[in-house]
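# My questions concern the predicted model and sequence given below.
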Amino acid sequence: MKVTKICLIDDGNAVELEKLNRLMAVFCAAWRYSFNRLVEGEQSGRLIKSVSALFHLNKRYAEDAVMQAQAIISSQKELLPLRIEGVQGKIKKNCKKIEDYQTGKKRPKKVPLEICLKGLSARLEKLQIKESILLKHQNDQTIPTVIFGGKRNFYERLKGNISRDEWRDLRSNTLYSRGDKSKKGNLNTRIVFDDKEQQFYLEVANPLQVEGRKKSTRLRFKLLVPDKFFNEIVEIVFPNEVGVISKEKPLEEYSPYSIELKRKKNKVYVHITYDEVVYGSIRNGNETILSDLVAGIDVNIDRVAVSILTKQGNLLESLTFYFHEMEYVKSNRRSNISGEIAKDIIQYLLTWNVGAMVIEDITLKQDHDTNKRFNRLVNSFAKTKIQKSIISRGIKFGFKIKKVNPAYTSVIGRFKYSKKYGLSVHEAAAFVIGRRGLGFDEKIPQEVLNHVRTLVKPKLISILGSMEESEKKSKNGKQRRKYMGMLLRNIETFKENHCWKLWNVIHKTLIIKNQELQFKEV
C-alpha cells in the first residue's frame with residue numbers, strides 16, 4: 001500500500017535554495033513541454049531524449065517529467081465520463097428548478113421571479129455548452145484543456161488579482177523524482193542521515209550548468225521530520241542487511257521511495273511516498289466475512305457512525321465520532337481531521353477485538369447545484385477522504401474490509417432499527433451496512449407494510465382522483481401522475497420485485513414524526 005508522509009526543508013542557505021528554485025522551474029517547464037508533445041502524439045521514448053537535451057536534465061529527471069505528463073493525460077481520460085455525468089446531473093436539476101418556478105411550485109425569496117428565471121436560463125445555457133464540449137472530447141478521444149498552475153489561479157491572473165511573478169511561481173513550484181531500489185532508494189533526491197549532527201538531510205541532484213561531468217552536483221538541505229512518523233522514515237532511509245559479501249561486508253538492500261518537492265509560500269514541503277507493509281485486505285463483494293465481530297461504518301461529512309455486531313447480525317454497541325469543523329475548513333486541515341478520526345475509530349475497534357469492517361462503496365459524483373453549504377455537506381470528495389483514511393489505517397492494522405452498495409441503508413435504519421434499538425439515523429444506517437456486508441436481506445417490518453397498504457396506497461389513489469383536468473394535461477401534472485402510478489405499481493407488485501423497490505416507496509411517502517409514521521406529501 002502506498003503511503004505519503006510530508007516533511008519540510010528547514011534550511012536558511014539562500015544560495016542553495018535559489019538553485020533549487022531554478023531546478024524546479026526547469027523541471028516544471030519540461031513537464032509542460034512533455035505534456036504538450038504527448039497530446040500531439042509524440043512517442044515517449046523519443047520525447048525523453050529531446051527533453052533531456054533541451055532542458056539539460058539527466059535522463060532520470062527527463063523520464064520523471066514525461067511520466068508525470070502521462071499521468072495527467074491518463075487521469076483526465078478517466079475523469080471525463082464522471083465530469084460529463086456531473087454536468088448532466090446539474091442540467092437536470094436546473095431544468096427542474098426552472099419548471100418549479102414557472103408552474104408556481106416554488107417562489108424565489110430574494111429576487112423577482114423574472115430575474116430568477118433569467119439567471120437560471122443563463123446558467124442552463126452555460127451548462128449545455130460545457131456538456132457539448134465535454135461530449136466532443138469524448139467522441140474525439142481527446143482531453144479537456146489542462147491549465148498548469150490551476151484554473152482558478154489562471155482566471156485570477158486574467159483579472160489582475162495575481163501578479164505575473166506570482167503566476168510564474170505557481171507554475172514552477174514542483175520537482176519529482178521516483179524511487180529505485182537499486183539506487184539507494186532514490187537517485188536524484190535522496191534522504192541521508194548525518195551521524196555526527198543526528199540530523200536528516202535531503203540531497204538533490206542538480207544537473208543544470210554541469211558541462212562535461214557524468215555526475216551531477218548535489219544540493220544539501222536540512223530536513224525537518226515530524227516526531228509522529230520519525231521511526232517510519234528511519235525504516236525507509238536506512239538499508240536492511242540481507243546477507244554478507246566478501247570480507248564480511250554486509251549486503252544491503254534499500255527500500256524505494258519517491259519524493260515530490262512542492263514550494264508554497266516560500267516553504268518547500270517534501271512529500272515522501274513509499275510502500276508500506278499491510279496485514280489486512282479489501283474483500284470482494286461476494287466474499288464471506290468469517291470474523292466473529294464486524295463493524296458497520298456510515299461515513300458523513302460531519303460524523304462517522306460505527307455499529308459493532310456479531311456475525312449472526314446482532315447489535316452489540318453503536319458509537320458516533322463527531323467532527324463538525326469538517327464542513328468549513330480547508331483541504332489541509334481536512335486531511336489532518338481525517339487521519340485523526342481514523343486513528344480514533346481503529347483504536348475503538350481494536351478494543352472490541354473486531355476483525356472486519358463493512359463500509360459504503362462511495363461513487364464520486366458532482367451532481368449537486370448552487371447551494372454552497374449543501375454542496376459541502378454532500379461533497380463526495382470530502383467523504384471519500386475520510387473513508388480512505390479509515391481504509392488505509394484499517395488495512396495497516398490487519399482488518400478485513402468489505403465495501404457494499406449503500407442504497408437505502410439510511411431509510412432501512414430509520415424505519416426498522418432506529419426506534420427498536422434507540423439509535424440515531426446514522427448509527428442505524430451503520431448497523432444496516434454491517435448486516436448487508438454479512439449477507440442479510442432487510443425485510444420490511446409488518447407495521448411499516450401495514451401503513452403502506454392502509455395509509456400510503458389510499459392517499460396516492462385519492463390524490464390521483466382529485467387532480468383537476470388542467471393539472472392532468474400540464475407537463476408537470478403528467479409527470480406527477482406517472483410518478484405516483486409507478487409508486488402504486490411498486491406497492492402492488494412488491495412480492496415479485498426486489499425489496500429495495502418498496503423501500504423506495506417508503507422513503508418517498510412516509511416520514512417519522514414523534515415516533516409515529518405519517519404520510520409525506522408527494
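Structure received. Residues are numbered from 1 along each chain as shown.

# What segments of the stretch 151-300 of the chain are helices?
Using DSSP state H, counting those that start in this stretch, the helices of the stretch 151-300 of the chain run over 151-159, 164-170, 230-237.

# hey, which of those helices is tucked in deepest?
Highest mean neighbour count among the helices of the stretch 151-300 of the chain (mean count of other C-beta atoms under 10 Å): helix 230-237, with a mean of 16. C-beta here means a position set from N, CA and C on the backbone, and glycine is covered the same way.

# Which strands and helices lie in contact with that one?
Under the contact definition 3 or more C-beta pairs under 8 Å, 6 or more residues apart in numbering; DSSP states H and E, helix 230-237 sits against strand 2-9, strand 189-194, strand 267-275.

# List of residues touching that helix?
Helix 230-237 has contacts (C-beta atoms under 8 Å, 6 or more residues apart in numbering) with 5, 7, 185, 191-193, 200, 225, 255, 257, 272, 274.

# tell me the angle that helix makes with strand 2-9.
110 degrees (axes from the mean of the first three to the mean of the last three C-alpha atoms, to 10 degrees).

# picking up where we left off before, I'd like the helices and strands packed on helix 230-237 laid out as a markdown table, including distance to Leu309, mean neighbour count and mean pLDDT.
Output for these, formatted as a markdown table (distance: least, C-beta to C-beta, whole Å; neighbours: other C-beta atoms under 10 Å; pLDDT from 0 to 100):
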| stretch | distance to Leu309 | mean neighbour count | mean pLDDT |
| --- | --- | --- | --- |
| strand 2-9 | 30 | 16 | 91 |
| strand 189-194 | 45 | 18 | 93 |
| strand 267-275 | 33 | 18 | 94 |
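
# for the protein, what helix or strand is lowest in average pLDDT?
Ranked by mean pLDDT, DSSP states H and E, the weakest helix or strand in the chain is helix 372-378, scoring a mean of 58.

# quick one on the thing from earlier: go through the helices and strands packed on helix 230-237 and name the closest to Ile491.
Comparing these against Ile491 with C-beta to C-beta, the closest turns out to be strand 2-9 (49.1 Å).

# partners of that closest one, with directions?
Looking at strand 2-9 with DSSP bridges, its partner strands are strand 217-224 (antiparallel), strand 267-275 (antiparallel).

# can you state the direction angle for the longest helix anywhere in the chain and strand 189-194?
The residue-count maximum for a helix in the chain (DSSP state H) belongs to helix 59-103. Interaxial angle, helix 59-103 versus strand 189-194 (the same axes, to 10 degrees): 120 degrees.

# Which neighbouring elements make contact with helix 59-103?
In this structure, helix 59-103 makes packing contacts with helix 14-39, helix 44-55, helix 113-140, strand 174-177, helix 475-492, judged by 3+ C-beta pairs under 8 Å, 6+ apart.

# any chance of those in TSV, plus distance to Tyr348?
Putting those into TSV (distance: least, C-beta to C-beta, whole Å) gives the following:
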stretch	distance to Tyr348
helix 14-39	43
helix 44-55	48
helix 113-140	43
strand 174-177	37
helix 475-492	39
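
# which of these is buried the deepest?
By mean count of other C-beta under 10 Å, the helices and strands packed on helix 59-103 have strand 174-177 as the most buried, with a mean of 22.

# Just the residues contacting that strand, thanks.
Applying C-beta under 8 Å, 6+ apart, the external contacts of strand 174-177 come out as 20, 23-24, 27-28, 31, 60-61, 64-65, 68, 186-189, 204, 258-263.

# do the same with stretch 470-485
Residues outside stretch 470-485 that contact it (C-beta under 8 Å, 6+ apart) are 99, 103, 105, 460, 463-464, 467, 522.

# Is it correct that Ile245 is in contact with Leu251?
Yes: Ile245 is within contact range of Leu251, at 5.2 Å (criterion: C-beta atoms under 8 Å).

# re the thing from before, closest to Glu360 out of the helices and strands packed on helix 230-237?
strand 2-9 (22.3 Å).

# Let's see which of the contacts of stretch 470-485 end up in helices.
Going by DSSP H, the helices hold 99, 103, 460, 463-464 from the contacts of stretch 470-485.

# Using pLDDT, spot the least trustworthy of these.
In terms of pLDDT, the lowest of these is Thr103, showing 82.

# can you pull the contacts of Ile401?
Taking C-beta under 8 Å, 6+ apart as the test, what Ile401 contacts is 280-283, 356-359, 391, 394-395.

# ugh, wrong one, Val244
The contact partners of Val244, taken as C-beta under 8 Å, 6+ apart, are 250-251.

# I'd like the helices of the stretch 151-300 of the chain as JSON lines, with mean pLDDT and distance to Lys136 appended.
Compiled in JSON lines, the helices of the stretch 151-300 of the chain are given as follows (pLDDT from 0 to 100; distance: least, C-beta to C-beta, whole Å):
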{"stretch": "helix 151-159", "mean pLDDT": "94", "distance to Lys136": "19"}
{"stretch": "helix 164-170", "mean pLDDT": "94", "distance to Lys136": "29"}
{"stretch": "helix 230-237", "mean pLDDT": "91", "distance to Lys136": "46"}
